[in-house]
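> sequence? don't have it. structure:
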């Protein structure tokens, strides 16, 4: 799909290319291309005189962020966060979006449907397609802002998972943590790749001609660096959260094993009593008709007393631990 944007009487106008593309495209237009067909790529190449191989290569999902300043055109490839499909393991992924401009045309091309116009209009009141450098900077700033907005969403997701893990812990919650961590890794890698491109773009002569453009370039860099810092902080918090949950799981397992050990000890007492009275020697209550019931009573009593002793012991250990923590806290004060 190809959308055309141009400025008519100082108004930003959107058009949809239909019919013969050559008759629709004018100079100083912004061509926003999404999932182009082979025929559309050939037409765009013919109109803009940009090599067809260049247009095809930037549609690769694994295309890395880069800058290619040629005599005939300037190509800027940046990664942008996009919602993942339902079948994917992560919440967000990053995909490349390419900015290509010549003396006469400005082109954005991506395999994913990315609404760059809305993204820019949230930050800037005026879009001028004929000012290629300014439009490039606006898109770069919009992409950096998109990362910050995405990271804020992921932080809210993390808060929700943390609250859920406080009440109960399920395998789905742990899988969600892994998906969140995976998304942050993708975002962190892409942000650092974009940072390199930003620094290269800043050194281009056409981006230094006007003070307003240079200021906007610096604002975009600051926004991108802020996103990098946020991503680093969120990754550290998530790593600590994952480690804490691993410790909690280990502690819960230890608690279960302790309970099972106590139950085993308590059950072993009647077994011990029964073993003693089962020896082929003369034992107490051997001639007593109620001997069996007396032995059963002794077994139950011993098991009950053993349970009380173990309960008192474990409670005392926990009390000692709590008291030690309070003493340490008071000593620090």
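Nice, thanks for sending it over. The model shown is predicted, which means the values in this text are computed figures rather than measured ones.

> which stretches of the protein form strands?
2-8, 11-16, 30-34, 66-69, 74-83, 92-101, 106-110 (DSSP state E).

> and the first one, what's its mean pLDDT?
Average pLDDT, strand 2-8: 83.

> name the residues of that strand that are buried.
2-7 (16 or more other C-beta atoms under 10 Å). To be clear about C-beta, it is placed using only N, CA and C from the backbone, and glycine gets the same treatment.

> and it, what does it pack onto?
strand 11-16, strand 30-34 (3 or more C-beta pairs under 8 Å, 6 or more residues apart in numbering; DSSP states H and E).

> ok, the last one: who's next to it in the sheet?
In its sheet, strand 30-34 lies beside strand 2-8 (antiparallel), strand 106-110 (parallel), with partners assigned from DSSP bridges.

> in JSON lines: these, plus distance to residue 179.
JSON lines is the format used below for the strands paired with strand 30-34 (distance: least, C-beta to C-beta, whole Å):
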{"stretch": "strand 2-8", "distance to residue 179": "32"}
{"stretch": "strand 106-110", "distance to residue 179": "24"}
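
> between those, which gets nearest to residue 190?
strand 106-110 (13.9 Å; C-beta to C-beta).

> which other residues reach the closest one?
28-34, 36, 44, 48, 50, 55, 58-59, 80, 95-101, 116, 129, 132, 135-136, 139 (C-beta atoms under 8 Å, 6 or more residues apart in numbering).

> and the strands of the chain, which one is worst for confidence?
strand 11-16 (a mean of 80).

> how about residues contacting that one?
1-7, 24, 117, 126-129.

> and residue 154, how far from residue 48?
37 Å (C-beta to C-beta, to the nearest Å).

> can I get the contacts of strand 11-16 in TSV with distance to residue 247?
TSV is the format used below for the contacts of strand 11-16 (distance: C-beta to C-beta, whole Å):
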residue	distance to residue 247
1	51
2	54
3	52
4	57
5	54
6	60
7	59
24	62
117	48
126	54
127	52
128	56
129	56
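
> quick one, domains of the protein?
Following automatic domain parsing, the chain resolves into domains at 2-248, 278-332.

> of those domains, flag the one that's most buried.
domain 2-248 (a mean of 16; mean count of other C-beta atoms under 10 Å).

> distance from the lengthiest helix in the chain to the middle of the chain?
Longest helix in the chain by number of residues (criterion: DSSP state H): helix 211-277. Computed by C-alpha atoms, centre = their mean, to the nearest Å, the chain-centroid distance of helix 211-277 equals 17 Å.

> can you tell me which helices and strands that helix packs against?
Going by 3+ C-beta pairs under 8 Å, 6+ apart, helix 211-277 lies up against helix 132-167, helix 171-202, helix 291-332.

> for the stretch 151-300 of the chain, which spans come out with low pLDDT?
Residues of the stretch 151-300 of the chain meeting the criterion pLDDT under 70: 281.

> beta partners of the nearest residue to residue 60 once chain neighbours are set aside?
Once flanking residues are discounted, residue 60 sits nearest to residue 96: 7.4 Å by C-beta to C-beta, 6 or more residues apart in numbering. Beta bridges link residue 96 to residue 79, judged by DSSP bridges.

> thought residue 43 was touching residue 22?
Yes - using C-beta atoms under 8 Å, residue 43 is in contact with residue 22, at 7.0 Å.

> mutual contacts of the two, please.
Between them, residue 43 and residue 22 share no contacting residue, judged by C-beta under 8 Å, 6+ apart.

> rewinding a little: and the domains of the chain: which comes nearest residue 269?
So among these, domain 278-332 is nearest, using C-beta to C-beta, at 4.7 Å.

> so the residue nearest to residue 60 versus residue 264, what's the distance?
Distance from residue 96 to residue 264, by C-beta to C-beta: 60 Å.

> ok, which of the strands of the chain comes nearest residue 194?
strand 74-83 (5.3 Å).

> got the angle for that closest one vs strand 106-110?
40 degrees (axes from the mean of the first three to the mean of the last three C-alpha atoms, to 10 degrees).

> now do strand 74-83: which elements does it pack against?
Looks like strand 74-83 contacts strand 66-69, strand 92-101, helix 132-167, helix 171-202 (3+ C-beta pairs under 8 Å, 6+ apart).

> for residue 220, which of these is the nearest?
Closest among those, once you apply C-beta to C-beta, is helix 132-167, at 4.1 Å.

> show me what that closest one is packed against.
Helix 132-167 is packed against strand 74-83, strand 92-101, strand 106-110, helix 116-121, helix 171-202, helix 211-277, with contacts defined by 3+ C-beta pairs under 8 Å, 6+ apart.
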